[in-house]
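S.K.: predicted model and sequence follow; I will ask about them next.
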Amino acid sequence: MAFLPISREDMEAQGIEQLDFVYVIGDAYVDHPSFGHAIISRVLQAHGYRVGIIAQPDWKNDESINILGEPRLGFIVMGGNMDSMVNHYYVSKKRRDKDAYTPGGVIGKRPDHAAVVYCNLIRHTYKDKPIIIGGIEASLRRMAHYDYWSNRLKRSILLDSQADIISYGMGEKSMVEIADALDSGMDIKDITYIRGTVFQTRDLSLAYDPIILPSYDAMKEDKLNYARSFKIQSENTDAINGKTLVEPYPNGVYVVQNPPQMPLTTREMDDIYDLPYERTYHPSYETEGGVPAIEEIRHSLISCRGCFGACSFCALTFHQGRVIQSRSHESVIKEAIKITEMKGFKGYIHDVGGPTANFYHPSCKKQQKNGVCKNKQCLFPKPCKNLNVDHRDYLNLLRKLRELPKVKKVFVRSGIRFDYIMEDKDDTFFRELIEHHISGQLKVAPEHVSDKVLSYMGKPPHCIYEKFIEKYYRFNQSMGKKQFVVPYLMSSHPGSDMREAVKLAEYLRDIGYNPQQVQDFYPTPSTMSTVMYYTGVDPRTMEKVYIPKNPHEKAMQRALMQYRNPANYELVKEALHIAGREDLIGFGANCLIKPRQLKKEKVNYKKDDLRRRKNNSQNSVKKEQYHPKKRNQKNKKKRGR
């Protein structure tokens with residue numbers, strides 16, 4: 001199976017006169033199941049639709065959107081595998097210098113807010129052609145949301161983009177239903193009933209049994225209304241018990257979010273990942289050095305979707321949901337065999353997992369019938385009594401992969417939820433993970449050491465991580481291995497004041513870890529933590545939360561995590577004074593930094609000889625105090641005389 005057409009020449013070569021859909025994307029075209037545009041386009045193709053790709057069009061040129069002609073049914077638009085604003089900017093809002101999803105890693109090949117810009121580019125030429133918008137950027141902006149880069153509450157992306165409908169979440173089912181409806185002759189404005197979609201209307205009767213959220217104007221007027229709205233949204237992310245949500249806008253406009261699409265069955269997951277992907281970037285990028293993002297996933301396997309960890313700073317709940325959807329062993333092994341036959345495969349499968357690798361089945365049996373709990377998490381603040389903790393199925397999959405011909409090693413690099421491991425009474429998975437699936441170091445995400453901050457993060461108490469680490473090194477020692485742990489830690493998360501940041505620095509001191517890179521909290525759309533950052537309250541309780549927003553304070557919190565770096569000395573010193581922790585400035589083993597000797601002041605000796613002698617005397621005393629051995633030697637000489 002060839003790549004999908006990206007030019008008229010490709011269309012002619014494949015015998016296509018007119019495409020059904022033109023798919024406009026912010027990434028380079030990579031035909032691999034780790035890329036959303038590859039999955040959606042191949043799924044539509046499998047259902048008989050002809051799809052062409054326009055990758056990274058010149059948004060300043062109307063003609064760039066016309067290279068494949070007018071599609072029969074409509075345009076599909078996706079900003080990229082990563083949010084375009086996160087792709088372009090560091091949390092400091094400084095411009096990044098590389099884009100892993102662009103040929104050669106070149107930056108600037110897509111606009112800011114790419115999905116909005118592409119849709120408006122299309123609408124400028126095609127006034128009435130249906131536009132379906134999807135992907136992570138649209139999915140997480142489907143309702144009013146805080147935009148960190150402009151520091152304001154923005155409208156639903158549906159309104160700003162002039163698109164007709166949003167396919168939110170992973171989108172396979174909703175996209176096929178939309179395509180079938182359009183193919184049957186339905187007007188895009190009449191497609192208001194499909195799960196996993198968002199549409200706008202002036203007729204509220206089109207929303208079935210809705211919950212009316214605070215209006216956009218009310219949220220702009222009072223941030224607390226936005227916190228209340230987000231809490232309701234977070235309680236309705238499940239396909240079984242989620243309700244239709246309606247967000248009112250001025251002039252009688254309503255943005256309506258239908259309940260999420262139903263989770264994929266194992267058979268449906270298998271069918272999607274068995275589609276004829278080329279598993280690499282389009283050959284036209286070869287002369288530019290290829291697409292860097294492929295290297296991380298070229299020899300990796302996706303085994304599952306969804307995450308019931310529900311960390312506050314993560315948007316997975318809003319995008320993939322909390323229900324785990326997994327592939328069969330046969331499907332994963334079939335793909336693994338394809339990888340072993342690829343050019344350049346050296347015997348190493350780099351990863352087997354998903355958002356959280358060791359979540360391979362739903363968290364409990366009840367949710368398969370009743371949906372996930374609205375006001376209760378599976379692991380936070382402590383594991384639910386109904387939690388099904390069992391690694392056996394995932395472990396059996398890893399064992400089968402290890403036994404494949406040509407496979408030397410199978411690594412697990414995607415997230416491991418350590419608190420879930422600690423709940424497992426059977427240590428077999430933990431032991432085999434250490435013995436077979438770690439490449440010298442295991443990356444885990446405790447995120448912080450302060451229980452207060454961890455509670456805002458939706459993470460387990462720090463003592464759970466300590467028990468995990470103790471067990472990890474004990475198992476390593478029993479196997480004669482010297483493998484390490486690399487902890488992911490975050491600064492400046494809501495709730496982290498300077499005293500909590502100092503606790504994190506002390507922990508790094510105690511474990512002897514000097515992080516080369518520091519992860520600062522990044523307020524991205526549609527996360528609980530971002531709502532805290534914007535509103536100053538925890539939406540779960542509506543209680544006030546301390547928010548480190550000042551750039552200088554954030555710099556101090558980052559510097560504390562790298563206190564050993566001499567360039568951070570003044571920031572660390574200031575932070576310790578603010579926290580009232582001057583005890584950490586000194587020469588003791590527990591101190592973070594040493595006091596710096598002040599430079600000698602310039603003195604006019606001719607005018608003040610007395611002051612000169614006094615200063616010299618004081619300096620000599622200080623030198624003796626800091627060199628006790630020399631001072632004792634001088635005392636002995638004096639006594640000898």
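M.R.: Received, thanks.
S.K.: select the helix or strand of this structure having the lowest average pLDDT value.
M.R.: Every helix and strand in the chain was compared by mean pLDDT, DSSP states H and E; the lowest is helix 628-640, with a mean of 41.
S.K.: now the stretch 151-300 of the chain, which segments are flagged as low pLDDT?
M.R.: Filtered on pLDDT under 70, the stretch 151-300 of the chain yields no residues whatsoever.
S.K.: what separation do you get for Asp270 and Glu432?
M.R.: 25 Å (C-beta to C-beta, to the nearest Å). Bear in mind the C-beta positions are built from the backbone N, C-alpha and C, glycine included.
S.K.: these two: which is more packed in?
M.R.: Asp270 (18 against 15; other C-beta atoms under 10 Å).
S.K.: pretty sure that one contacts Arg327?
M.R.: Yes. Between Asp270 and Arg327 there is a contact at 5.6 Å, judged by C-beta atoms under 8 Å.
S.K.: tell me the predicted confidence for the residue nearest the centre of the chain.
M.R.: Residue closest to the mean C-alpha point of the chain, counted by C-alpha atoms, centre = their mean, is Cys314 at 5.9 Å. On the pLDDT scale, Cys314 is placed at 95.
S.K.: same check, this time on Val603
M.R.: What the model reports as pLDDT for Val603 is 42.
S.K.: for the one 3 residues further on, same thing?
M.R.: According to the per-residue confidence, Lys606 scores 44 in pLDDT.
S.K.: next up, the contacts around Ala293.
M.R.: Going by C-beta atoms under 8 Å, 6 or more residues apart in numbering, Ala293 touches Asp27, Val30, Asn81, Ala100, Tyr101.
S.K.: Ile39 belongs to a strand?
M.R.: No. Per DSSP: H, G, I helix; E, B strand; the rest coil, Ile39 lies outside any strand segment and is helix.
S.K.: what's the closest non-adjacent residue to it?
M.R.: In space, and not counting its chain neighbours, Ile39 is closest to Pro33: 5.7 Å by C-beta to C-beta, 6 or more residues apart in numbering.
S.K.: ok, Pro595 next?
M.R.: Spatial nearest neighbour of Pro595, excluding adjacent residues (C-beta to C-beta, 6+ apart): Ile585 at 5.8 Å.
S.K.: show me what the one you found is bridged to.
M.R.: Applying DSSP bridges to Ile585 yields these beta-bridge partners: Ile593.
S.K.: so it touches Leu576, yeah?
M.R.: Yes. Here Ile585 reaches Leu576: they are 5.8 Å apart, a contact under C-beta under 8 Å.
S.K.: shared neighbours, these two?
M.R.: Each of Leu592, Ile593 lies in contact with both Ile585 and Leu576 under the rule C-beta under 8 Å, 6+ apart.
S.K.: so these two - more neighbours on which side?
M.R.: Leu576 (23 against 17).
S.K.: can you pull the contacts of that one?
M.R.: Leu576 makes contact with Val502, Glu582, Leu584, Ile585, Leu592, Ile593, according to C-beta under 8 Å, 6+ apart.
S.K.: from those, which would you call buried?
M.R.: The neighbour count (16 or more other C-beta atoms under 10 Å) marks Val502, Leu584, Ile585, Leu592, Ile593 as buried among these.
S.K.: dump the residues you listed into JSON lines; add pLDDT and distance to Gln519 as well.
M.R.: What follows is the buried ones among the contacts of Leu576, written out as JSON lines (pLDDT from 0 to 100; distance: C-beta to C-beta, whole Å):
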{"residue": "Val502", "pLDDT": "98", "distance to Gln519": "18"}
{"residue": "Leu584", "pLDDT": "98", "distance to Gln519": "22"}
{"residue": "Ile585", "pLDDT": "97", "distance to Gln519": "26"}
{"residue": "Leu592", "pLDDT": "97", "distance to Gln519": "20"}
{"residue": "Ile593", "pLDDT": "97", "distance to Gln519": "22"}
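S.K.: in stretch 265-279, which residues are buried?
M.R.: Buried residues in stretch 265-279, counting neighbours by 16+ other C-beta under 10 Å, are found at Met269, Asp270, Asp271, Ile272, Tyr273, Asp274, Leu275, Tyr277, Glu278, Arg279.
S.K.: chain center to it, what's the gap?
M.R.: Its chain's C-alpha centre and that of stretch 265-279 lie 24 Å apart, by C-alpha atoms, centre = their mean, to the nearest Å.
S.K.: what do you get for stretch 40-56?
M.R.: How far stretch 40-56 lies from its chain's middle: 26 Å, per C-alpha atoms, centre = their mean.
S.K.: ok, stretch 3-12 next?
M.R.: In terms of C-alpha atoms, centre = their mean, the gap separating the centre of stretch 3-12 from the centre of its chain is 34 Å.
S.K.: again, but for stretch 121-133
M.R.: Distance, centroid of stretch 121-133 to centroid of chain: 30 Å (C-alpha atoms, centre = their mean).
S.K.: ends of it, how far apart?
M.R.: One end of stretch 121-133 sits 13 Å from the other (C-alpha to C-alpha, to the nearest Å).
S.K.: what mean pLDDT does that stretch have?
M.R.: Mean pLDDT, stretch 121-133: 97.
S.K.: which residues does that stretch contact?
M.R.: The contact list for stretch 121-133 (C-beta under 8 Å, 6+ apart) reads 24, 57, 59, 62, 64-66, 70-71, 73-78, 115, 119, 157-158, 161-167, 175, 178, 182, 188.
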